[in-house]
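Student: Fold the following, please.
(chains A and B)
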Number of protein chains: 2
Amino acid sequence: MKKPNIAVLGATGVVGRHILEIMQNMHIEYENLKLLSSAKSAGTKMTVNGREYTLEEAKPESFDDVNIVLASAGASTSKLFAPEIVKRGGVLIDNSSAFRMEKDVPLVIVGMNDEDLKNHKGIISNPNCSTSQLILALKPLHELAKIKRMIVTTYQSVSGAGLAAINELKENTKAKLENKDFTPVKFVQPIAFNVIPQIDSFTENGYTKEEMKVVNETKKIMHLDSDVQISCTAARVPVFVSHSEAVDVEFVENISVVEARNALSNSFGVTVVDDIDNMKFPTAIQAEGKDPVYVGRIRQNLAFGNKGLSFWCVGDNLRIGAALNTVRICKRVTEMELF
Amino acid sequence: MKKPNIAVLGATGVVGRHILEIMQNMHIEYENLKLLSSAKSAGTKMTVNGREYTLEEAKPESFDDVNIVLASAGASTSKLFAPEIVKRGGVLIDNSSAFRMEKDVPLVIVGMNDEDLKNHKGIISNPNCSTSQLILALKPLHELAKIKRMIVTTYQSVSGAGLAAINELKENTKAKLENKDFTPVKFVQPIAFNVIPQIDSFTENGYTKEEMKVVNETKKIMHLDSDVQISCTAARVPVFVSHSEAVDVEFVENISVVEARNALSNSFGVTVVDDIDNMKFPTAIQAEGKDPVYVGRIRQNLAFGNKGLSFWCVGDNLRIGAALNTVRICKRVTEMELF
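Tutor: Numbering: from 1, shown residues only, chains lettered A, B, ... in the order given. You can find the predicted model right below:
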């Protein structure tokens, strides 16, 4: 198998660091590795597979001879460098929202729609964190009974908003416990001991961009018919890592809890934790640092009758929601020789 | 107007203290006031309207000559004393779940279904916290367009589980910030920086009792047709006070966002905070200590088309979810001379 030259763009960020860690754990093979960052972080030293690397500032010529770029440096950086990477024959695996909904850009969750990778024209997008964990739980059920309608309600951790948000939750919490004043910067309201029903900016229909990502990315990844109706409410909760989601689905066909549980138990990337008699269900802190999407509270949905299911799904937003799927895409692109 | 003799049962609890505070703020008039508690708290001194009271241990004869009992001492205490209160001609306004679903017991949210109070046979129940705030937001919309189907997803604060739960969130949070071990007692998993998708015990259909309260109490209070379908997922979040709820409703008739917002703006007990252009929406800490139910994020629901709405509703679970509505019932029972 041909080994690629890999560059990691945004290597010092929360997701970038996870990408490097997961690359090592998954024994991703490469010919050459290059760590790229903003001018600000250039010069930083990081160790990967026992070798020390000095971060270089990303410039167009940084991508000469690079086959695969794993990028997690925000949408504007991805937009800036994408044409430079593609022009040089490289494949960009992008964590940002910049290209996700573009027709020629495969939006892929490994294990779910790998075939779409074949259609890439130089750019492959990694879905939004809340979409990724959802799809891993949803796809096996869709194959059984075909989704008709879905309502997703999220409880999202602050780490999705980066290191500054993690620190703000910490500092805000300390201040609150000590009855001290605290002025939020990263969030529009205090996040400590609060729930903020807003993630990202608002769109014309009253939904936030974050909510519309769940709606639109789900349809694209799962190739759903246009008449499938999806709604989402996304809220930020005072949790450091892992998103939790309450999912209510109406299917076209009847589906039982037992069928759903069996399908999920045998599905890639999913671990079922669903034993209510012994008070077992997945929670955010249990999923932190883990690979699987955890699914529990599987039950017949009382609003949709025999064709409805509710479940609770939890995933580490930095891993399956970002870095893990990015590295898995890199591995599949290599295996399928798509670079 | 006849002034009642009032007893407050469970006066030292989180809700009991709020009942006394709200009684004073609302200038509830009484002939005599008696504060009752468990044997453990008997002897405690509390000041109400400038007069000091010594708590007495509740016994059957404590209810001699008492016209109205405001109880918040748990279901078993309510079950124990209800027959004693009724036998003596008193009216029990009960905060527990003991009698809520009984046919002869009115389940009332003041301003929404006061007429039901007339049917009481000695016991009136106060709804569960998550139901109460929901109904205040829902009733005006139901009057406009008739509810067909609803999915409620809750983000509930720990104070609903009492003082021990409040302390556990505090101690668990401190331990986590200091990287110390913490063993949860009140919750089945650590609540600090986590989300627990379980409140109360599980029922046969896989829903928790808390979730089924929302389903069943909503139908009873709003006298909904039996074919209205309601589902709920209830989760505990690391918040001290106020429950937040994401609500998705399908109506029988078309309903626009503007109509909904107007109806809610003119409705009893509701304050609309819904100006997304200026990032205004209600959050838990804003509702703490306040009377209204706050509603925001009102939008056409993408899963239910022109007949669907989504909204976010927040209320102080100790006030509108418990003490405030209890005191309001006491006031209405007095005004309507139903004791």
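Student: need the residues of the stretch 51-200 of chain A near chain B, please.
Tutor: When proximity is defined as Cβ under 8 Å from any Cβ of the partner chain, the stretch 51-200 of chain A approaches chain B at A:149-151, A:153, A:155, A:169-170, A:173-174, A:177, A:188-190, A:193-198. C-betas here are computed from N, CA, C, even on glycine.
Student: Show only the entries of those residues found in strands.
Tutor: When DSSP state E is applied, those are split such that A:Arg149, A:Met150, A:Ile151, A:Thr153, A:Tyr155 fall in strands.
Student: For the spatially closest residue to the third one that is not a sequence neighbour, pull up the helix or strand it's in.
Tutor: Distance criterion Cβ to Cβ, 6 or more residues apart in numbering or on different chains; nearest residue to A:Ile151, sequence neighbours excluded, is A:Asp248 at 4.5 Å. With elements delineated by DSSP states H and E, A:Asp248 resides in strand A:243-251, which encompasses its position.
Student: What helices and strands are in contact with that strand?
Tutor: Using 3 or more Cβ pairs under 8 Å, 6 or more residues apart in numbering or on different chains; DSSP states H and E as the contact definition, the elements that strand A:243-251 packs against are helix A:129-145, strand A:147-156, strand A:308-315, strand B:229-236.
Student: so what secondary structure elements neighbour the longest one?
Tutor: Meaning helix A:129-145. strand A:147-156, helix A:209-221, strand A:243-251, helix A:257-265, strand A:270-272, strand A:293-300, strand A:308-315.
Student: Backbone dihedrals for A:Pro4, please?
Tutor: A:Pro4 adopts backbone torsions of phi -80, psi 160, taken as degrees, to the nearest 10.
Student: picking that back up, looking at the helices and strands packed on strand A:243-251, which one is packed in the most?
Tutor: When neighbours are counted by mean count of other Cβ atoms under 10 Å in any protein chain shown, the highest per-stretch mean among those falls to strand A:308-315, a mean of 28.
Student: Any buried residues in whichever helix or strand comes after that strand, and which?
Tutor: Toward the C-terminus, strand A:308-315 is succeeded by helix A:324-335 as the next helix or strand (DSSP H and E). Neighbour-count burial for helix A:324-335 flags A:Leu324, A:Asn325, A:Thr326, A:Val327, A:Arg328, A:Ile329, A:Cys330, A:Lys331, A:Arg332, A:Val333, A:Thr334 (criterion: 16 or more other Cβ atoms under 10 Å in any protein chain shown).
Student: ok, the closest residue to the third one other than its chain neighbours to chain B distance?
Tutor: Counting by Cβ to Cβ, 6+ apart, A:Asn126 is the residue found nearest to A:Thr326 once chain neighbours are left out, at 4.9 Å. Note on A:Asn126: its distance to chain B, by Cβ to the nearest Cβ, to the nearest Å, is 24 Å.
Student: And A:Thr77, by the same measure?
Tutor: Between A:Thr77 and chain B the distance, using Cβ to the nearest Cβ, works out to 26 Å.
Student: I'd say A:Lys170 and B:Leu177 touch.
Tutor: Yes: using Cβ atoms under 8 Å, A:Lys170 makes contact with B:Leu177 at a distance of 6.9 Å.
Student: Looking at the helices and strands packed on strand A:243-251, which is nearest to B:Arg51?
Tutor: Comparing the helices and strands packed on strand A:243-251 by their distance to B:Arg51 (Cβ to Cβ), the top pick is strand B:229-236, with 37.9 Å.
Student: what angle do that closest one and helix B:209-221 make?
Tutor: Our comparison of strand B:229-236 with helix B:209-221, counting by axes from the mean of the first three to the mean of the last three Cα atoms, to 10 degrees, yields an angle of 140 degrees.
Student: check whether strand B:229-236 contacts chain A.
Tutor: Yes: for a cut-off given as Cβ under 8 Å from any Cβ, strand B:229-236 has contacts with chain A, namely B:Gln229, B:Ile230, B:Ser231, B:Thr233, B:Ala235.
Student: B:Leu136: which of these is nearest?
Tutor: Compare each of these with B:Leu136 using Cβ to Cβ and the shortest gap goes to B:Ile230, at 16.4 Å.
Student: Quick check: beta-bridge partners of that closest one?
Tutor: The bridge-partner assignment for B:Ile230, based on DSSP bridges, gives B:Met150.
Student: how close does it get to B:Asn306?
Tutor: Using Cβ to Cβ, to the nearest Å, one obtains 21 Å as the distance from B:Ile230 to B:Asn306.
Student: A:Ala284 now?
Tutor: Using Cβ to Cβ, we find A:Ala284 at a distance of 36 Å from B:Asn306.
Student: Neighbour count for the two, which is higher?
Tutor: Between A:Ala284 and B:Asn306, counted using other Cβ atoms under 10 Å in any protein chain shown, the more crowded position is A:Ala284 (29 against 12).
Student: Setting aside sequence neighbours, what's the nearest residue to that one?
Tutor: The shortest distance from A:Ala284 to any non-neighbouring residue, by Cβ to Cβ, 6+ apart, is to A:Ser242 (3.8 Å).
Student: Pipe the buried residues of helix A:324-335 into JSON lines and attach pLDDT per row.
Tutor: As requested, these are exported to JSON lines (pLDDT from 0 to 100):
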{"residue": "A:Leu324", "pLDDT": "98"}
{"residue": "A:Asn325", "pLDDT": "98"}
{"residue": "A:Thr326", "pLDDT": "98"}
{"residue": "A:Val327", "pLDDT": "98"}
{"residue": "A:Arg328", "pLDDT": "98"}
{"residue": "A:Ile329", "pLDDT": "98"}
{"residue": "A:Cys330", "pLDDT": "98"}
{"residue": "A:Lys331", "pLDDT": "98"}
{"residue": "A:Arg332", "pLDDT": "98"}
{"residue": "A:Val333", "pLDDT": "98"}
{"residue": "A:Thr334", "pLDDT": "97"}
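Student: Among these, which one sits closest to chain B?
Tutor: If you rank the buried residues of helix A:324-335 by distance to chain B using Cβ to the nearest Cβ, A:Leu324 comes first, at 20.9 Å.
Student: Could you name the residue of chain A that is farthest from its center?
Tutor: The outermost residue of chain A, judged by C-alpha distance from the chain's mean C-alpha position using Cα atoms, centre = their mean, is A:Asn179 at 35.5 Å.
Student: In what element of secondary structure is that residue found?
Tutor: In this structure, A:Asn179 is located outside every helix and strand according to DSSP H and E.
Student: any idea of the angle the strand holding A:Asp248 forms with helix A:129-145?
Tutor: Strand A:243-251 and helix A:129-145 are oriented at 30 degrees to each other (the same axes, to 10 degrees).
Student: Quick check: neighbours of strand A:243-251 in the sheet, parallel or antiparallel?
Tutor: Strand A:243-251 has these partner strands in its sheet, going by DSSP bridges: strand A:147-156 (antiparallel), strand A:308-315 (antiparallel).
Student: between the shortest one and strand A:293-300, how many degrees?
Tutor: Orientation of strand A:308-315 against strand A:293-300 (the same axes, to 10 degrees) gives an angle of 160 degrees.
Student: so A:Leu33 makes contact with A:Val8?
Tutor: Yes: the pair A:Leu33 and A:Val8 qualifies as a contact (Cβ under 8 Å) at a distance of 7.4 Å.
Student: who's more crowded, the two?
Tutor: More neighbours sit around A:Val8 than around the other of A:Leu33 and A:Val8, counting by other Cβ under 10 Å; the figures are 30 against 19.
Student: Name the SS class of the more buried one, please.
Tutor: Three-state assignment for A:Val8 (DSSP: H, G, I helix; E, B strand; the rest coil): strand.
Student: Neighbours of the residue nearest to A:Ile151, how many?
Tutor: The number of residues packed around A:Asp248, counting by other Cβ under 10 Å, is 25.
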